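A.B. asks: below are the sequence and a predicted model for it; my questions follow.
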Amino acid sequence: MTVPAADARSRVGDLPIEVVPTTAPLADAERARRMREPGFGRVFSEHMVTIRWTRADGWQDARLGPYGPLVLDPATVALHYGQSVFEGFKVYRGADGSVAAFRPEANAERFRASARRLCLPELPVAVFVEAVDLLVAHDHAWVPTTPGHTLYIRPLLFASEPELVVRPSEECLFVLTAFVAADYFPRGLTPVSVWVADEFVRAAPGGTGAAKCAANYAAGLAAQAAAAEQGCDQVVFLDAVERRWVEELGGMNLVFVRGGEHPTLVTPELTGTLLPGITRDSLITLARDLGLEVEERRISMEEWEADARSGAITEVFACGTAAVLTPVGRVRRGGAEWTIGDGGTGPVTTALRERLIAVQTGSAPDPHGWRREIAPIATG
Ligand SMILES: *Cc1c(COP(=O)(O)O)cnc(C)c1O
């Protein structure tokens, strides 16, 4: 799908938008310098979109303008009570130079679901997706050509009302920014080690585990720090009730591979306490397309340990937008430690990763219509 050049549009969805590009664009050389070693979430593109919402008048004041600081009252609700949700997905440059967002509609839907759980207003899908089109059209030159580097899109919606009574905010602000992202794990496909958190819980039944909200990330930081103290890269969260069932990492879903002649993928089912990852969903679809069996069900820690030790589980990987697919090589729980396979990167992980990246970058067919191609604004 190709989107018409966005400068022709004065609307996003059915909202009018004011388009006021920067009057001091960066020189090509300076942009290239900044993009060289982008890290993650540090090198932002030159524009952003903001849209206000009030309970009385709904969505309003949509604007594309230069990237820059927000001015917030100290009483801004989100800063105190965490009423804030976000999204994350990537824009990829294809081998032919084309630029495409990967499944932005799915992120738009999830953004609405997260907002609903946090009593925030639901931004219409068309407004979300067309705001992305507009931003990427203006900041087209920020989509990297370096393999593995991407333009990461960060939509944010937070309670902006400056009044600290505890109730759903009467005013909100949507902010859409984009930054250049290097591979999230700089070591690439080097397997990570994971530490199983028995004392920390990420999400409980009835809680906010399925929403992509700021508070979930804050709540996971102490567990992540504990994992690092144990010499592990990432933390695995278990279910809150029995502390027995594998849920996910702090920001990635988990997939288990039962190897053999006909490998089967097993991934924890979406119980309401897991974040429904779009990478997870894409991989389930791609794996089935490739003829692999996929099971969504509960997986206990006993199954993980015993079957990894016996060799029945041959590979485990984590998946999410930032890191795509990352192999898990070593697992630690209390005093126990075990490796997955030979501790390296297995063939199913490698094949699925290559396949997904090929679809994302347009070098493999896209039968599910996941790439949304975006043209640059016409310059003249
Ligand atoms: C964002 C996120 C994921 C991955 O979702 P993707 O859509 O694949 O990027 C997984 N788990 C958590 C907790 C997340 O916040």
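C.D. replies: Done, it's in.
A.B. asks: show me where the stretch 51-200 of the chain has its strands.
C.D. replies: 58-66, 84-86, 89-93, 99-102, 150-159, 171-181, 192-197 (DSSP state E, counting those that start in this stretch).
A.B. asks: how about the first one as CSV, C-alpha atoms only?
C.D. replies: So that's strand 58-66. Output of strand 58-66 as CSV, limited to C-alpha atoms (Å, rounded to 0.1, in the frame of the first residue of the first chain):
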residue,chain,number,x,y,z
GLY,A,58,-12.7,16.1,22.1
TRP,A,59,-9.6,16.0,19.8
GLN,A,60,-8.4,19.4,18.6
ASP,A,61,-5.4,21.6,17.8
ALA,A,62,-3.6,19.0,15.8
ARG,A,63,-0.2,20.4,14.7
LEU,A,64,2.9,19.3,13.0
GLY,A,65,5.8,21.4,14.2
PRO,A,66,9.5,21.3,15.0
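A.B. asks: hang on, the earlier thing: and of the strands of the stretch 51-200 of the chain, who's closest to the ligand?
C.D. replies: strand 89-93 (6.8 Å; Cβ to the nearest ligand atom). For every residue, glycine as well, the C-beta is placed using N, CA and C.
A.B. asks: what comes into contact with the closest one?
C.D. replies: Around strand 89-93, the neighbours that count as contacts under Cβ atoms under 8 Å, 6 or more residues apart in numbering are 99-104, 107, 136, 143-145, 150-153, 178, 181, 278, 321, 360-362, 371, 374.
A.B. asks: now with 6 Å?
C.D. replies: 99-102, 107, 136, 143, 145, 150-153, 321, 360-361 (Cβ atoms under 6 Å, 6 or more residues apart in numbering).
A.B. asks: can you point out the buried residues in that strand?
C.D. replies: Neighbour counts over strand 89-93 (16 or more other Cβ atoms under 10 Å) mark Phe89, Lys90, Val91, Tyr92, Arg93 as buried.
A.B. asks: in terms of distance to His80, which of these ranks first?
C.D. replies: Relative to His80, the closest of the buried residues of strand 89-93 is Phe89; by Cβ to Cβ it sits at 28.5 Å.
A.B. asks: the closest one bridge partners, please.
C.D. replies: Beta-bridge partners recorded for Phe89 (DSSP bridges): Ile153.
A.B. asks: and it, what's its pLDDT?
C.D. replies: If you check Phe89, the pLDDT there is 98.
A.B. asks: and it, how far from Thr350?
C.D. replies: 23 Å (Cβ to Cβ, to the nearest Å).
A.B. asks: next: Glu295.
C.D. replies: Glu295 is 21 Å from Thr350, by Cβ to Cβ.
A.B. asks: who's more crowded, the two?
C.D. replies: Thr350 (16 against 13; other Cβ atoms under 10 Å).
A.B. asks: what would the buried residues of strand 89-93 look like in CSV with distance to Ala215?
C.D. replies: As requested, the buried residues of strand 89-93 are exported to CSV (distance: Cβ to Cβ, whole Å):
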residue, distance to Ala215
Phe89, 21
Lys90, 24
Val91, 27
Tyr92, 30
Arg93, 34
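A.B. asks: which single one of those is nearest to Trp245?
C.D. replies: Phe89 (27.7 Å).
A.B. asks: I'd like to know how far that closest one sits from Asp198.
C.D. replies: 32 Å.
A.B. asks: can you convert the strands of the stretch 51-200 of the chain into CSV and add a column each for distance to Val316?
C.D. replies: Shown next, in CSV, are the strands of the stretch 51-200 of the chain (distance: least, Cβ to Cβ, whole Å):
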stretch, distance to Val316
strand 58-66, 42
strand 84-86, 27
strand 89-93, 23
strand 99-102, 24
strand 150-159, 25
strand 171-181, 24
strand 192-197, 8
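A.B. asks: would you turn those strands into a markdown table with distance to the ligand?
C.D. replies: Listed next are the strands of the stretch 51-200 of the chain as a markdown table, based on distance: least, Cβ to the nearest ligand atom, whole Å:
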| stretch | distance to the ligand |
| --- | --- |
| strand 58-66 | 24 |
| strand 84-86 | 9 |
| strand 89-93 | 7 |
| strand 99-102 | 10 |
| strand 150-159 | 10 |
| strand 171-181 | 12 |
| strand 192-197 | 13 |
